[in-house]
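In: Curious how this folds, go ahead:
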Amino acid sequence: MNGAISVVGIGADGWDGLPENSRRALRAAEVIIGGPRQLGLLPADDCPGSRVAWPSPLRPAVPGLLAEHTAAGRRIAVLASGDPSFYGIARTLAEAAGDRRLDVHPHPSSVSYACARLGWPLEAVETLSLVARPLDALRAALHPGRRLLLLGEGPETPARVAALLREAGWGGTRIRVLEQLGGPAERLLDGTAADWPHARADALHVLALDCVRDPGTLRLGATPGLPDEAYEHDGQLTKRYVRAATLAALAPAPGELLWDVGGGSGSIGIEWMRAHRDCRAIAVERSPERAARITRNAAALGVPALRVVTGPAPDALAGLPAPHAVFIGGGLTVPGLLDACWDALPAGGRLVANTVTLESEALLADRHRRHGGELVRLAVSTAVPVGGFTGWRTAMPVTQWSVTKGSPEA
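Out: Presented below is the predicted three-dimensional model:
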């Protein structure tokens, strides 16, 4: 491939574990770029090219480093751990140089090795990377009986994971740390989160979790409508059954961005992001106290990447990236708010607004006449004791308008 950058995956078994096509690419390279550990696995006699260690931070340095050697006409090879296209350097290289310039030589990934050692079917295992990512993101993946593989960031990662599991009520989870997979120093550490004895592990490792929820730990399902008790709140919370109906109307899809306007406790944005790991959300909340609470709830429920903007809408919406969907949970009568949210949506974007007041309901009825969509009233009743009997207690009904911009009725 003319002008290609060879991207060569290498394992803990080093040069001996490379197939011949990977060796040829490294022998032919005039410049070999990689981490110090990876570069140290190559024999000097077989790979005479000059060796360049990645600077830190890596990502911003990639375009300049590639351009420097490409401009000089040098043949470049880049080393990667395992499969370069699986949570590896290939993605960053493709963004910098274009995917058509990459000639990728994959090696078995650490995840493939781990499944082979554990006897786990690869397709039935969820894999999460903790490299340069908040540890709290693990919380959203915890379900009883679930098998997880975690790509660790450093020697302290297993101990940190064990501490999080204990704090979250998953202390019975079995943890296995598989070090130096495929190499001569391969080793297995085994234990539970409740009594994990190892302060450090080898830097090159994968964690395997058999998830066990401790008795008394609140059960959180995979669908919208988490128990209200899952949230820290001051009463400003879209209640469970209305929340489930609201998320159904918003219809989150991978990669989409939600504006949660009038975030309150953050429940809509949080459950939007829990729908898929690639869903994104921005919660806009005027109260600093509530904004801080949203941040805490997002971390506790496994979506620490939820962005919180503190300030009054519509002013706080200025400059935000365009959303695929907008939820308005409060402030509908604020001048210009509904118009600003509507104008920010592209064709095909969805808007859902909830209210319990007559004034805001009249506003939604007017917009329904102008733009179409669906106008529904949600009423939830709960059985409660009435003396020695049982009766129904009805919560305030919620009026909900949902509409797709650019749809035939809009």
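In: Tell me which other helices or strands the strand or helix carrying Ala291 touches.
Out: With elements delineated by DSSP states H and E, Ala291 resides in helix 288-300, which encompasses its position. Contacting helix 288-300 under the criterion 3 or more CB pairs under 8 Å, 6 or more residues apart in numbering; DSSP states H and E are the following elements: helix 267-274, strand 280-285, strand 307-310. (Each C-beta comes from the backbone N, C-alpha and C, glycine too.)
In: for whichever strand or helix holds Glu95, which positions count as buried?
Out: When secondary structure is defined using DSSP H and E, the element that contains Glu95 is helix 89-97. Neighbour-count burial for helix 89-97, with 16 or more other CB atoms under 10 Å as criterion, is recorded at Ile89, Ala90, Leu93, Ala94, Ala96, Ala97.
In: Repeat that for stretch 338-347.
Out: Across stretch 338-347, burial judged by 16+ other CB under 10 Å covers Leu338, Ala340, Cys341, Trp342, Ala344, Leu345.
In: ok, those residues vs Ala61, which is closest?
Out: The nearest member of the buried residues of stretch 338-347 to Ala61, counting by CB to CB, is Ala344 at 35.3 Å.
In: hey, what's Ala383 bridged with?
Out: Applying DSSP bridges to Ala383 yields these beta-bridge partners: Trp392.
In: Unless I misread the structure, Ala248 falls within a helix.
Out: Yes - the assignment for Ala248 by DSSP: H, G, I helix; E, B strand; the rest coil puts it in a helix.
In: From Pro43, how far out is it?
Out: For Ala248, the distance to Pro43 under the criterion CB to CB, to the nearest Å works out to 59 Å.
In: same deal with Pro335?
Out: Look at Pro335 and Pro43: by CB to CB, they are 72 Å apart.
In: likewise Ala292?
Out: With the distance defined as CB to CB, Ala292 ends up 55 Å from Pro43.
In: Which parts of the stretch 101-250 of the chain are strands?
Out: Under the criterion DSSP state E, counting those that start in this stretch, the stretch 101-250 of the chain contains strands at 102-105, 126-129, 147-151, 174-179, 187-192, 205-210.
In: Turn those strands into TSV, columns for distance to Ala365 and mean neighbour count.
Out: As requested, these are exported to TSV (distance: least, CB to CB, whole Å; neighbours: other CB atoms under 10 Å):
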stretch	distance to Ala365	mean neighbour count
strand 102-105	55	19
strand 126-129	44	16
strand 147-151	47	21
strand 174-179	55	20
strand 187-192	56	14
strand 205-210	50	22
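In: Can you add distance to Thr310 and give those back as TSV?
Out: TSV is the format used below for these (distance: least, CB to CB, whole Å):
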stretch	distance to Thr310
strand 102-105	42
strand 126-129	29
strand 147-151	32
strand 174-179	38
strand 187-192	40
strand 205-210	35
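In: of Ala248 and Pro43, who's got more company?
Out: The residue with more neighbours, out of Ala248 and Pro43 and counting by other CB atoms under 10 Å, is Ala248; that gives 14 against 11.
In: Identify the residues contacting the residue nearest to the spatial centre of the chain.
Out: Nearest to the mean C-alpha position of the chain, by CA atoms, centre = their mean, lies Arg277 at 4.0 Å. Under the criterion of CB atoms under 8 Å, 6 or more residues apart in numbering, the neighbours of Arg277 are Ala140.
In: For the protein, which segments count as helices?
Out: If DSSP state H is used as the criterion, the helices of the chain fall at 20-28, 36-39, 62-71, 89-97, 110-118, 157-168, 240-250, 267-274, 288-300, 337-344, 358-371.
In: Just say which of these is most tucked in.
Out: helix 267-274 (a mean of 28; mean count of other CB atoms under 10 Å).
In: Check the average confidence over the helix holding Glu95, would you?
Out: Across helix 89-97, the average pLDDT comes to 91.
In: hmm, back to that, relative to Gly331, which of the strands of the stretch 101-250 of the chain is closest?
Out: With respect to Gly331, and counting by CB to CB, the nearest of the strands of the stretch 101-250 of the chain is strand 126-129 at 36.1 Å.
In: other SSEs contacting that closest one?
Out: strand 147-151.
In: Which other helices and strands does the strand it packs on contact?
Out: The elements that strand 147-151 packs onto, with contact taken as 3+ CB pairs under 8 Å, 6+ apart, are helix 110-118, strand 126-129, strand 205-210.
In: Columns mean pLDDT and distance to Thr70 on top of those, output as CSV?
Out: Putting these into CSV (pLDDT from 0 to 100; distance: least, CB to CB, whole Å) gives the following:
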stretch, mean pLDDT, distance to Thr70
helix 110-118, 96, 30
strand 126-129, 95, 29
strand 205-210, 97, 34
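In: one step back: where among the helices of the chain is average confidence lowest?
Out: Here the lowest mean pLDDT among those goes to helix 62-71, at a mean of 88.
In: Tell me how far that one lies from the chain's centre.
Out: How far helix 62-71 lies from its chain's middle: 31 Å, per CA atoms, centre = their mean, to the nearest Å.
In: other SSEs contacting that helix?
Out: In terms of contact count using 3+ CB pairs under 8 Å, 6+ apart, helix 62-71 is assigned the packing partners strand 76-81, helix 89-97.
In: Any idea which of these gets closest to Gly172?
Out: When the helices and strands packed on helix 62-71 are ranked by proximity to Gly172 (CB to CB), strand 76-81 comes first, at 31.3 Å.
In: So what are the sheet partners of the closest one and their directions?
Out: Using DSSP bridges, the strands paired with strand 76-81 are strand 5-10 (parallel), strand 31-34 (parallel).
In: How about Leu207, nearest residue that isn't a chain neighbour?
Out: Using CB to CB, 6 or more residues apart in numbering and skipping the chain neighbours, the partner closest in space to Leu207 is Leu150 (4.1 Å).
In: how near is the one you found to His205?
Out: Computed as CB to CB, the Leu150 to His205 distance reads 9 Å.
In: ditto for Val398
Out: From Val398 to His205 the distance is 49 Å (CB to CB).
In: for Val111, same thing?
Out: Val111 is 12 Å from His205, by CB to CB.
In: Can you give me the neighbour number for Gly88?
Out: For Gly88, which is what you asked about, the neighbour count (other CB under 10 Å) is 21.
In: Pretty sure it sits against Leu79.
Out: No - taking CB atoms under 8 Å as the contact criterion, Gly88 and Leu79 are not neighbours in contact, 10.3 Å apart.
In: got the CA positions of the lowest-mean-pLDDT helix or strand in the chain in PDB?
Out: For the chain, using mean pLDDT, DSSP states H and E, the weakest element among its helices and strands is helix 62-71, scoring a mean of 88. Taking only C-alpha atoms (Å, rounded to 0.1, in the frame of the first residue of the first chain), the coordinates of helix 62-71 have been written out as PDB:
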ATOM      1  CA  VAL A  62       0.100  12.000  16.800                       C
ATOM      2  CA  PRO A  63      -0.600  14.300  13.800                       C
ATOM      3  CA  GLY A  64       2.700  16.200  14.100                       C
ATOM      4  CA  LEU A  65       4.800  13.100  14.700                       C
ATOM      5  CA  LEU A  66       3.300  11.300  11.600                       C
ATOM      6  CA  ALA A  67       3.700  14.500   9.500                       C
ATOM      7  CA  GLU A  68       7.300  14.900  10.400                       C
ATOM      8  CA  HIS A  69       8.300  11.400   9.300                       C
ATOM      9  CA  THR A  70       5.900  11.300   6.300                       C
ATOM     10  CA  ALA A  71       7.300  14.600   4.900                       C
END
